[in-house]
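Asks: Pasting the sequence and the predicted model now:
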Amino acid sequence: MKNRGLSKKLNSLFGIGLLIIILLLINVGGRFYFFRLDLTSDHRYSLHPATQKQLEELKDIAFFRVYLDGDLPAGFQRLRNSIMETLQEMTVYGGDNIQFELINPTESGDSDKIQDIYRELSEQGLKYTNLYATEGEVNTEQIIFPGAILSYNEREYPIQFLRSNIGSTPEEMLNNSIQQIEFELSSAIRKATNRVKSPIAVVIGEGYTQPIYLQSLLKSLLEFYEVDTISINGKVDALDNYDAVIIPGPNRPIPSKDKYLLDQFIMHGGKTLWFVDGVEVRKDSLFALGTTLSLANEADLTDMLFKYGVRVNSDLIMDLQALPIPVVTGMMGDQPRQDMFPWFYYPLQFSPDNHPINQDLDAVATQFVSSLDTLKNDISKTPLLMTSEKSKLVNAPTRVSLNILRFPPDERQYSKGRIINGVLLEGEFQSAFKNRISPEISENPIFKYKEKSAPNKMIVFSSSSLVKNEVDTLRQKYFDLGYYKYTRTVYANKELVMNAVNYLMDDSGLINARSKKFKIRLLDRPEITRNRRTLQAMNTFIPVVLISLLALIAALLRRNRYRIQ
């Protein structure tokens, strides 16, 4: 019996010793190799393969300074922790080339130093957020910079993590921001490392959108691509050096030779992004006189786009979900009084959220939009932008008048449903000039004529307003794409356009990282407030009770075991 008891003790000691050795080995191994087994269904803790490849190809140190340390509300702590987890995950693939530091801008406690830091961060491109909190009867304000600065090759790049979506609750905004951390970080790395940029042409000149209204677009494109503004003017080699062409708001007949060159650009694999108005409306006449006549656009692209599988119609969409405009409703003393009314020709649109291009986008501001029809052929069509259910169509020519705002709309007329005005086309396109040109051209090697493209893609939007920025003519400055001056709100136009370009250019890393989605369970704040004391008591006492219960069970089992012996 004595030997048997000794043997049991030795076995127990051996088991405990083996467990300690295993734990020590795991601990030591963890110091040299970081890993995480991601068992979540949405792979929220895994980087996209394109991001992994990007990190593995880093040639120098990418150093991130994250300005989210300190005493933060719970939601921002969650954002900070997610950022640090993502950066830690990036070190697995980037190794020593990914380094980061967590900084508290208010650590010094010196108000002058803190203000200097705030000013410096703002000058570097970071935006701050004011947080207001109420504890009992005390109101407090806190300034937070939910961003980071990437240093790479002696250059610095700002990263903004907080995504302020219109109409979203603070919890939803933080949720969206957490989902986009990988996109923001990989996007910044791409800006820093992208030495050879793909070339893109933006067509300008007589009959196209004036360059002053394209400045925000051009600035955004230049972060990722080599961008030129060009006029085709029948030059055979005008498009030869570009991977993609953007056609913004043509409003005059495009010469047949230019159309042929665009067509053959597509046939040879070039990507195109079209912003084509179905109807031309003179806004200066409308707001000066209160009325104007809208006419069908004369760009003469119907036959060409029809061949590719889409038609921009000569009509105007009216939508009850619309941007407001100021209207004089009377006088206040000797000054006119203005009130804001929804202008049904300015649809405020939410994307169908059915593709990485439009996933999780905020509202998009549009003006004088036409409908699109997609045609039955072998080309795949994906709607990217649609109106609300409360919409209707008005065919051109038609008179557009501010007088409609004098009376409430008849909602029964707005029953057209969701109208498509943006579409992605993918497939093998037939040339719009098939059977239309002479053998002298089709067989001439100079023109490199092709009747059918390899698998290709293009995107068509039926409003040039999507790509135009507001302009302050007095100060000679332009606003960010999507900014609407009457509400001083920035809508998601730039995000939509940039996503469209990224997709056309096969920037899968950017588009897939941006489309990463997972569900974060949000707390029921009213329920927490009502049952705060109960929840606090449960969180305090239940763990103690459970541990005590486990200890009691262990003691009883031990007593029974010794009784048996």
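Replies: Right, received. Where do you want to start?
Asks: which element is Ile459 on?
Replies: For Ile459, the host element (DSSP states H and E) is strand 456-461.
Asks: For the nearest residue to Ile441 once chain neighbours are set aside, give me phi and psi.
Replies: The shortest distance from Ile441 to any non-neighbouring residue, by CB to CB, 6 or more residues apart in numbering, is to Phe447 (5.4 Å). (Glycine included, C-beta is placed from N, CA and C.) Taking degrees, to the nearest 10, you get phi -90, psi -20 for the backbone angles of Phe447.
Asks: burial count for Phe447?
Replies: Using other CB atoms under 10 Å, Phe447 has 15 other residues around it.
Asks: ok, now Val467?
Replies: Using other CB under 10 Å: Val467 sits among 25 other residues.
Asks: Over to the one 10 residues further on?
Replies: Lys477 has 11 neighbours, counted by other CB under 10 Å.
Asks: Next, work out how far apart the closest residue to it other than its chain neighbours and Tyr491 are.
Replies: Nearest residue to Lys477, sequence neighbours excluded (CB to CB, 6+ apart): Val471, at 7.5 Å. To Tyr491, Val471 is 17 Å away according to CB to CB, to the nearest Å.
Asks: Tell me how far the very next helix or strand once past the strand holding Ile459 lies from the chain's centre.
Replies: Next in sequence after strand 456-461, counting helices and strands by DSSP H and E, comes strand 471-472. How far strand 471-472 lies from its chain's middle: 25 Å, per CA atoms, centre = their mean, to the nearest Å.
Asks: quick one on the thing from earlier: and Val471 and Tyr491? Which one has more around it.
Replies: Tyr491 (24 against 17).
Asks: Show the pLDDT at that one.
Replies: Tyr491 is assigned a predicted lDDT (pLDDT) of 89.
Asks: what's near enough to touch it?
Replies: 166, 348, 362-365, 482-484 (CB atoms under 8 Å, 6 or more residues apart in numbering).
Asks: Next, find the distance separating it from Thr366.
Replies: Separation of Tyr491 from Thr366 (CB to CB): 9 Å.
Asks: which residues do these two both contact?
Replies: What both Tyr491 and Thr366 touch, as defined by CB under 8 Å, 6+ apart, is the set Leu348.
Asks: What helix or strand is Lys235 located in?
Replies: Lys235 is part of no helix or strand, with elements assigned from DSSP H and E.
Asks: The residue nearest to it when sequence neighbours are not counted: neighbouring residues, count only.
Replies: Nearest residue to Lys235 in three dimensions, chain neighbours excluded: Leu261, at 7.8 Å (CB to CB, 6+ apart). For Leu261, the neighbour count with other CB under 10 Å is 21.
Asks: The one 5 residues further on too?
Replies: The number of residues packed around Ile266, counting by other CB under 10 Å, is 22.
Asks: if I read this right, it contacts Pro455, doesn't it?
Replies: No - between Ile266 and Pro455 there is no contact under CB atoms under 8 Å: 11.9 Å.
Asks: So Thr329: helix, strand or coil?
Replies: Put simply, Thr329 is strand when judged by DSSP: H, G, I helix; E, B strand; the rest coil.
Asks: Kindly provide the distance from it to Ser111.
Replies: Using CB to CB, we find Thr329 at a distance of 47 Å from Ser111.
Asks: So between the two, which is more surrounded?
Replies: It is Thr329, of Thr329 and Ser111, that has more neighbours when counted by other CB under 10 Å, with 14 against 9.
Asks: Just give the nearest non-adjacent residue to the more buried one, would you?
Replies: Once flanking residues are discounted, Thr329 sits nearest to Asp339: 4.8 Å by CB to CB, 6+ apart.
Asks: Quick check: phi and psi on that neighbour?
Replies: Taking degrees, to the nearest 10 as the convention, Asp339 sits at phi -120, psi 150.
Asks: For it, give me its contacts.
Replies: Asp339 neighbours (CB under 8 Å, 6+ apart): 326-327, 329.
Asks: isn't the residue nearest to Ile441 right up against Leu261?
Replies: No - at 9.2 Å, Phe447 and Leu261 do not qualify as touching, with contact defined as CB under 8 Å.
Asks: Find residues that contact each of these two.
Replies: Contacts common to Phe447 and Leu261, judged by CB under 8 Å, 6+ apart, are Val236.
Asks: circling back to that earlier point, for the contacts of Asp339, which one is nearest Asp507?
Replies: Closest approach to Asp507 among these (CB to CB): Pro326, at 39.8 Å.
Asks: residues touching the closest one, list them.
Replies: 338-340, 486.
Asks: which of the residues you listed sit farthest apart?
Replies: Spatial extent of these (CB to CB) is set by the pair Asp339 and Tyr486 at 11.5 Å.
Asks: re the thing from before, with distance to Gly205 and pLDDT added, can I get the contacts of Asp339 in TSV?
Replies: Converted to TSV, the contacts of Asp339 look like this (distance: CB to CB, whole Å; pLDDT from 0 to 100):
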residue	distance to Gly205	pLDDT
Pro326	34	89
Val327	36	83
Thr329	42	71
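Asks: Output those as a markdown table; include the columns distance to Pro105.
Replies: Shown next, in a markdown table, are the contacts of Asp339 (distance: CB to CB, whole Å):
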| residue | distance to Pro105 |
| --- | --- |
| Pro326 | 39 |
| Val327 | 45 |
| Thr329 | 47 |
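Asks: what about the spatially most central residue of the chain, distance to Val460?
Replies: Nearest to the geometric centre of the chain sits Glu495, at 4.6 Å (CA atoms, centre = their mean). Distance, Glu495 to Val460, by CB to CB: 18 Å.
Asks: Ser122 now?
Replies: In terms of CB to CB, Ser122 sits 39 Å off from Val460.
Asks: returning to what we had before: what comes up buried for the strand holding Ile459?
Replies: Under the neighbour-count criterion of 16 or more other CB atoms under 10 Å, strand 456-461 has 456-461 buried.
Asks: Could I get these in a markdown table, plus columns for distance to Asn297 and pLDDT?
Replies: A markdown table is the format used below for the buried residues of strand 456-461 (distance: CB to CB, whole Å; pLDDT from 0 to 100):
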| residue | distance to Asn297 | pLDDT |
| --- | --- | --- |
| Asn456 | 25 | 96 |
| Lys457 | 24 | 96 |
| Met458 | 19 | 97 |
| Ile459 | 18 | 98 |
| Val460 | 13 | 98 |
| Phe461 | 13 | 98 |
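Asks: Show me which pair in those is furthest apart.
Replies: Maximum pairwise distance among the buried residues of strand 456-461 (CB to CB): 17.8 Å, between Asn456 and Phe461.
Asks: got the domain boundaries for this structure?
Replies: The chain breaks down into these domains under automatic domain parsing: 49-193, 199-280+296-392+418-506.
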